[in-house]
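Peer 1: Okay, predicted coordinates and the sequence, questions at the end:
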Amino acid sequence: LLRRQEARESNARSYPRRIPLALTQAHGVYLRDSAGQLFIDCLAGAGTLALGHNHPDVVAALRATLDSGLPLHTLDLTTPVKDRFVEDLFAALPPGFARHARIQFCGPTGADGIEAAIKLARTATGRRTVVGFAGGYHGMTQGTLAIMGNLEPKRPLGGGTGDAHMLPYPYDARCPFGLGGEAGVDAGLAMIEQLLTDPESGVVTPAAMVVEVVQGEGGVIPAPIRWLQGLRRLTRAHGVPLVIDEVQTGLGRTGHLFAFERAGIEPDILVLSKAIGGGLPLSVVVYREDLDVWSPGAHAGTFRGNQLAMAAGTATLRRIRADRLDEHAAAMGARLTGHLRALQAEQPCVGDVRGPGLMIGVEIVDERMPPARPGLRPADGALARALQRRCLERGLILELGGRHGAVVRFLPPLIVSAEEIDEIADRFASALRAALA
Ligand code: PMP
């Protein structure tokens, strides 16, 4: 199975390279491969499967929709399935934001949602340039690559793919200004303020700033709350729409239903995908109604009404809210973080353990090298890859991210139990010891 696919598929294939499995069955946090081995899935569709694989609510919602005789393809025409989806989503959003918000369905992927957000902000402001942040990830299309906070994927395209500025994204030990904690936050905000106010900076007022509250692919980096609040204050003061990319963080993963709630801020444009489709392709932008400058048909597309994804997404959101899976994610995340910090205390190659809720990153560092900055040794991507292989041997699927691919990312389904968290930590510790041996 694996070899046949390898021969046919493009060289661009990604996950199958480091997770060379042919998957045959799935339930909850578990996946089974064609050799019969059972795996705990801490990738969960890159953070998509909030309820895990084949959750009974999602399966029942899909079956009911299929059996109902409702049309499955409707462009963006109205159906009861769509009505329920929109009503439930608006009920879950912070009321102050929802009261004055509009929704637009986009193409099926997270990148489609970001494309729409950028286009809307450009249309509303009449400006071109978009600001992104170092380490950010918003997709692999031309427009989203422009604000990719990592040069590697855009190098073959001649560097950039659109009119964009990149700014530093502060985080304690890796503060781009070499300043930890509060001083780094102040430096980061001062830089943004200068760019927005000083004509000598050479930076034109941007159409939007696009930010992840917690960077995912960039290596699980939570932005300092005070920096997020400052970013919100400055963008508002200068009339720059703030786009918050909650493609990965949305729907409970960080311990809040939406990650921006952690900072007590609200976006001007919110982008949701992944979990919002319950495992099926869907993305939406939800934005302040005064930004709704689009003329009819200004953001058309054939596949903006995936009924099955809306049904699965509604079932997912209802279960998350009914069972308070955001709070459960916070508790399970704290439990896993506790195990990982204990491992850090005995293994110097565990440089950092971080992340809110069930979005946790473990930075693997080279313990033989002196710290590049106080507290953080250089990343060790080779050891992280060896560790990922050892995890796979022990039935644990994890993905890597961050600079040099040295951050092991834990994104288990939100329904993961305490026993499963303990099992994940045990397998990870055993894999780390084997990788070091
Ligand atoms: N934004 C964020 C924060 C993401 O994590 C991702 C995907 N990992 C995207 C956008 C792009 O989503 P997609 O892969 O569906 O285009």
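Peer 2: That came through, no problem.

Peer 1: Can you read off the backbone torsions of the residue in the stretch 251-400 of the chain that the ligand sits nearest to?
Peer 2: When scored by Cβ to the nearest ligand atom, the stretch 251-400 of the chain has residue 273 as its residue closest to the ligand, at 5.4 Å. Where C-beta positions appear, they are placed from N, C-alpha and C, glycine not excepted. Per-residue torsions, residue 273: phi -160, psi -150 (degrees, to the nearest 10).

Peer 1: is it true that it touches residue 283?
Peer 2: Yes - if you go by Cβ atoms under 8 Å, residue 273 and residue 283 touch, sitting 3.7 Å apart.

Peer 1: and for the two, which residues touch both?
Peer 2: Counting by Cβ atoms under 8 Å, 6 or more residues apart in numbering, the common neighbours of residue 273 and residue 283 are 109, 110, 112, 113, 247.

Peer 1: Tell me how many other residues surround residue 115.
Peer 2: Each residue near residue 115 was counted by other Cβ atoms under 10 Å, and the total is 23.

Peer 1: Chain neighbours aside, what residue packs nearest to it?
Peer 2: Leaving aside its sequence neighbours, residue 115 sits nearest to residue 143 (Cβ to Cβ, 6 or more residues apart in numbering; 4.9 Å).

Peer 1: Could you identify the helix or strand that succeeds whatever helix or strand the one you found lives in?
Peer 2: Applying DSSP states H and E as the criterion places residue 143 in helix 142-145. Scanning the chain past helix 142-145 towards its C-terminal end, the next helix or strand to appear is strand 164-167 (assignment: DSSP H and E).

Peer 1: what about stretch 232-249, start to end distance?
Peer 2: By Cα to Cα, to the nearest Å, the extent of stretch 232-249 from end to end equals 18 Å.

Peer 1: residues of that stretch that come out buried?
Peer 2: By neighbour count, and taking 16 or more other Cβ atoms under 10 Å as the criterion, the buried residues in stretch 232-249 are 232, 234-235, 240-249.

Peer 1: With pLDDT and secondary structure as extra columns, can I get those in CSV?
Peer 2: Listed next are the buried residues of stretch 232-249 as CSV, based on pLDDT from 0 to 100; DSSP: H, G, I helix; E, B strand; the rest coil:
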residue, pLDDT, secondary structure
232, 98, helix
234, 97, helix
235, 98, helix
240, 97, coil
241, 98, coil
242, 98, strand
243, 98, strand
244, 98, strand
245, 98, strand
246, 98, coil
247, 98, coil
248, 98, coil
249, 98, coil
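
Peer 1: The helix or strand where residue 313 lies close to the ligand?
Peer 2: Taking DSSP H and E as the criterion, residue 313 maps to helix 307-322. No - legend: contact between helix 307-322 and the ligand by Cβ under 6 Å from any ligand atom is lacking; minimum distance shown is 12.3 Å.
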